[in-house]
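**Q** okay, structure incoming, though there's no sequence with it:
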């Protein structure tokens, strides 16, 4: 009898042990590709070394830690295999203080001694006030930073991002130039601070001057400056394309063509009472009364066809038509020839 009770007791203990392990809230899959299995932590197929599974926690979608160490993790794809394969990596942050480590968002964090971006530590002037604005811009109570580099002369406590291309603090406006490789250039705008207005990502003005990409437009009058579309602006006496004056243009009758809406590049056409214009230049020799825009590249009048303002030799304007895309090496044709980029092709 005693043996029977002992057998039952041992069996019950095994069942309790089995179900307690099975239902251990700390065991099993975790967010972000992690798995906890008793005393180990695995990130996808990689088992993390010397990690305390009992204190391990996922901070957010890029940082995790245990009681002694911090890790940066990510999933990514590479262009070398046409982004077909999803890969994973995890790195220990050497020197990070786990007890004080705090995520700030956008892959930024701080601990008691330094700031972090992804797996790299960096320094700021006032660590405790560090604030993240977006992936590229951060600030503290002393300075603002772009890609972790200080913005010279900036007042971090009042620094803010405005619409695309502009920022300001209590003392200055800044133009923010971004590049395709992810680099940024931030420079102060020499403007009248209290009257400065951002018009769009390219243009701005104050009471006295107008600006293109943060630089003054020569001879432009800020008080009468206004946008008229497709890169064109004007004041009471002048017309401009981007930051260049359209010489001889009449601001009262100057109008961009609506066909510019279909342009894919930096080409724009306009007219006034005297001339046709291609960007900032007078379209010399064209007959304004019969001028037509065929597409961004090709235009015509009753006499000729033009490719970016230059005559297409021997082209017939009456039968000339533009293809919606290249057909072989041709992008247009008339009754006599096919053309590619303004030249006859066979």
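**A** Perfect, thanks for sending it. Here the structure is a predicted model, which means the values were calculated and not measured.
**Q** CA only for contacts and neighbour counts going forward, please
**A** Noted.
**Q** ranges for the helices of the protein?
**A** 2-22 (DSSP state H).
**Q** lowest-pLDDT helix or strand in it?
**A** helix 2-22 (a mean of 48; mean pLDDT, DSSP states H and E).
**Q** low-scoring stretches of this protein, by residue?
**A** 1-27 (pLDDT under 70).
**Q** list the contacts of residue 100.
**A** When contacts are counted by Cα atoms under 8 Å, 6 or more residues apart in numbering, residue 100 touches 110, 111, 112.
**Q** looking at it, the second one is touching residue 95, isn't it?
**A** By that I understand residue 111. No: Residue 111 is beyond contact range of residue 95, at 9.8 Å (criterion: Cα atoms under 8 Å).
**Q** those two: which has the busier surroundings?
**A** Neighbour totals were compared for residue 111 and residue 95, and residue 111 leads with 19 against 12 (other Cα atoms under 10 Å).
**Q** how near is the nearest residue to that one once chain neighbours are set aside to residue 294?
**A** The spatially closest residue to residue 111, leaving aside those adjacent along the chain, is residue 101, at 4.2 Å (Cα to Cα, 6 or more residues apart in numbering). According to Cα to Cα, to the nearest Å, residue 101 stands 61 Å off from residue 294.
**Q** residue 337 now?
**A** 17 Å.
**Q** just residue 50 next, same as before
**A** Residue 50 is 69 Å from residue 294, by Cα to Cα.
**Q** neighbour-wise, which of these two wins?
**A** residue 294 (16 against 12).
**Q** what residues are up against the more buried one?
**A** 300, 321, 322.
**Q** give me that answer again for 10 Å
**A** Listed by Cα atoms under 10 Å, 6 or more residues apart in numbering, the contact set of residue 294 reads 259, 300, 305, 306, 320, 321, 322, 323.
**Q** list buried residues within the residues you listed.
**A** Neighbour-count burial (16 or more other Cα atoms under 10 Å) is assigned, among the contacts of residue 294, to 300, 305, 306, 320, 321, 322.
**Q** out of those, which are inside strands?
**A** 300, 305, 306, 321, 322 (DSSP state E).
**Q** mutual contacts of residue 111 and residue 95, please.
**A** Joint contacts of residue 111 and residue 95 (Cα under 10 Å, 6+ apart) are residue 121.
**Q** report the beta-bridge partner residues of residue 306.
**A** residue 299, residue 311 (DSSP bridges).
**Q** I'd like to know how far the closest residue to residue 322 other than its chain neighbours sits from residue 264.
**A** The shortest distance from residue 322 to any non-neighbouring residue, by Cα to Cα, 6+ apart, is to residue 332 (4.2 Å). Separation of residue 332 from residue 264 (Cα to Cα) stands at 17 Å.
**Q** who's more crowded, the two?
**A** Legend: neighbour count by other Cα under 10 Å for residue 332 and residue 264, higher for residue 332 (23 against 10).
**Q** now stretch 246-254: buried residues?
**A** 246, 249, 250, 251, 254.
**Q** next, the distance between the ends of that stretch.
**A** 10 Å.
**Q** please apply the same query to stretch 66-75.
**A** End-to-end for stretch 66-75, by Cα to Cα: 20 Å.
**Q** centre of the chain versus that stretch, how much separation?
**A** A distance of 28 Å separates the centroid of the chain from that of stretch 66-75, by Cα atoms, centre = their mean, to the nearest Å.
**Q** cool, stretch 175-189 as well?
**A** How far stretch 175-189 lies from its chain's middle: 11 Å, per Cα atoms, centre = their mean.
**Q** contacting residues around that stretch?
**A** 136-137, 145-147, 151-154, 161-168, 171-174, 196, 201-202, 211-216.
**Q** of those, select the buried ones using a PyMOL command.
**A** Of the contacts of stretch 175-189, the buried ones go into a single PyMOL selection, burial set by 16+ other Cα under 10 Å:
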select buried, resi 137+145+146+151+154+161+165+166+167+168+172+173+174+196+201+202+211+212+213+214+215+216
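**Q** so which of the contacts of stretch 175-189 belong to strands?
**A** 137, 145-146, 161, 166-168, 173-174, 211-212, 215-216.
**Q** closest to residue 125 out of the residues you listed?
**A** Using Cα to Cα, residue 145 comes nearest to residue 125 of the ones in strands among the contacts of stretch 175-189, at 10.3 Å.
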